[in-house]
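1. Show me how the following folds:
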Amino acid sequence: MELKYIVSAALGISGGALALKGFLDVNQSYINLGIAGMFLAAVILTLKSSEYVKKESLEVLLNSQKGLLKSLLSNLRLDGKAVYLPPYENLPWGGIFVPLHEDFDLDPARLDEETFFLTDTPDEKSMGLLMTSLGTALLEKYEEHLEAPISSVPELEASAGSVLKALGLASRVHIEENEDEIRVVITPEISCSPDECEKAPCPLCASVLLGLAKATDNLIGVESFEKKDYGVEIRARKLGGVEEWM
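-> Alright, predicted model coming up:
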């Protein structure tokens with residue numbers, strides 16, 4: 001058996017165990033490590049060697065991760081769509097916040113890297129789940145490709161397209177920015193369920209939307225995910241900077 005399969009299996013199993021322990025103990029650090037471990041396991045499988053790595057193997061791992069997130073969000077009865085936060089003092093890599101209700105409020109000052117389920121708020125409108133590691137591993141790869149932090153939408157489009165294509169995860173990334181409205185098209189090389197990505201995004205969608213939050217220095221609210229002939233189309237909107245929400 002090749003070394004990469006052994007390493008990938010070890011990361012996947014340990015990541016799943018850590019994520020489960022973190023969920024049971026309500027420990028954000030374990031959850032972050034677990035999700036990162038499962039994602040790294042998936043990335044390792046994409047590295048081609050003398051033998052062809054079947055896409056089905058990667059999809060099984062990603063679907064397992066999404067299944068865990070979907071069950072978690074369902075059990076917590078979160079009705080809102082994911083909101084992507086840009087990096088700021090409390091969250092150096094930004095984060096993904098899933099509100100308890102569609103009509104939500106958010107105080108970024110209450111969030112940090114140790115936050116998991118935000119309940120210490122004035123009312124239910126500000127409650128929700130925070131994920132700080134999902135998609136960040138790919139976002140780091142985009143910046144490694146650029147050899148600089150992402151600071152604009154064209155930079156994100158170019159770097160994400162190149163990295164995802166090189167990894168065999170997506171053949172195309174296209175981004176249109178029109179004032180506060182943003183349209184993203186991702187043509188994945190693996191299966192992607194747009195309906196599930198609204199609340200439990202896959203690493204591909206999460207990394208691009210986190211990149212948009214960083215590039216525009218705005219919170220990014222997702223309006224819709226749709227599967228088209230040319231790929232997955234995401235409609236999103238800028239919701240203002242972090243200081244505007246404090």
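2. need the contact list for Ser207.
-> Going by C-beta atoms under 8 Å, 6 or more residues apart in numbering, Ser207 touches 135-139, 142, 160. C-beta: built from backbone N, CA, C; applies to glycine.
3. How is Phe104 assigned, secondary-structure-wise?
-> Under the three-state scheme (DSSP: H, G, I helix; E, B strand; the rest coil), Phe104 adopts coil.
4. Quick check: it touching Leu129?
-> No - applying C-beta atoms under 8 Å, one finds Phe104 not in contact with Leu129, separated by 11.7 Å.
5. related to what we said a few turns ago, need the contacts of Ser207 in CSV with distance to Val232 and pLDDT, can you?
-> Shown next, in CSV, are these (distance: C-beta to C-beta, whole Å; pLDDT from 0 to 100):
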residue, distance to Val232, pLDDT
Gly135, 15, 83
Thr136, 20, 86
Ala137, 20, 86
Leu138, 15, 89
Leu139, 18, 92
Tyr142, 18, 93
Ala160, 13, 93
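6. What residue spans form the domains of this protein?
-> Per automatic domain parsing, the structural domains of the chain span 3-75, 83-130, 136-245.
7. Check the ones you listed for me: which has the lowest mean pLDDT.
-> Lowest mean pLDDT within the domains of the chain: domain 3-75, a mean of 58.
8. Once you drop chain neighbours, what's closest to Thr216?
-> Of all residues not flanking Thr216 in the chain, Lys238 sits nearest, at 5.8 Å (C-beta to C-beta, 6 or more residues apart in numbering).
9. For this structure, just list every one of the strands.
-> According to DSSP state E, the chain carries its strands in the segments 83-85, 95-99, 117-118, 128-131, 170-178, 181-188, 220-228, 231-238.
10. Thanks again, I'm all set now.
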